[in-house]
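*Asks:* Fold the following, please.
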Amino acid sequence: MFLPIKPCPFCATHDMTVDTIGNENRPFYAVSCNLCEATGPIAESYDDAVEAWNTRRSGPEMDGDAEALIFADYVAQGRAEYLNPA
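*Replies:* Numbering: from 1, shown residues only. Next up, the predicted model:
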């Protein structure tokens, strides 16, 4: 069963990947953001990596002005298609 992955707390994208780290004899897993490259805790299973990402401690919620500035910066960089406004 695959758990849903929460969006990135740093850039708010939903474009997330669970990476396999290590080798086939001893794999580890970590959630990573495909936009800003933030990486979550390393875990011994896919589900544990997702759970660790979803329950991580994050900073305070951004207010509307901060979100608008981040969006404007992404538009200026031609990367607005990566944003998933809530």
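
*Asks:* In contact with F2, which residues?
*Replies:* Neighbour list for F2: 46-47, 50 [criterion: Cβ atoms under 8 Å, 6 or more residues apart in numbering]. From N, CA and C alone the C-beta is placed, and that goes for glycine too.

*Asks:* Show me the residues you listed that map onto helices.
*Replies:* Under the assignment DSSP state H, these contribute 46-47, 50 to helices.

*Asks:* Sketch out the low-pLDDT regions of the protein for me.
*Replies:* 1, 57-86 (pLDDT under 70).

*Asks:* Show me where it has its helices.
*Replies:* Listed in chain order, the helices of the chain (DSSP H) span 46-54, 64-76.

*Asks:* quick one: buried residues of the shortest one?
*Replies:* Counting neighbours by 16 or more other Cβ atoms under 10 Å, one finds that the buried residues in helix 46-54 are 46, 49-53.

*Asks:* any chance of the residues you listed in TSV, plus distance to T39?
*Replies:* Listed next are the buried residues of helix 46-54 as TSV, based on distance: Cβ to Cβ, whole Å:
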residue	distance to T39
Y46	15
A49	10
V50	13
E51	15
A52	11
W53	9
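
*Asks:* Right, I'll leave it there.
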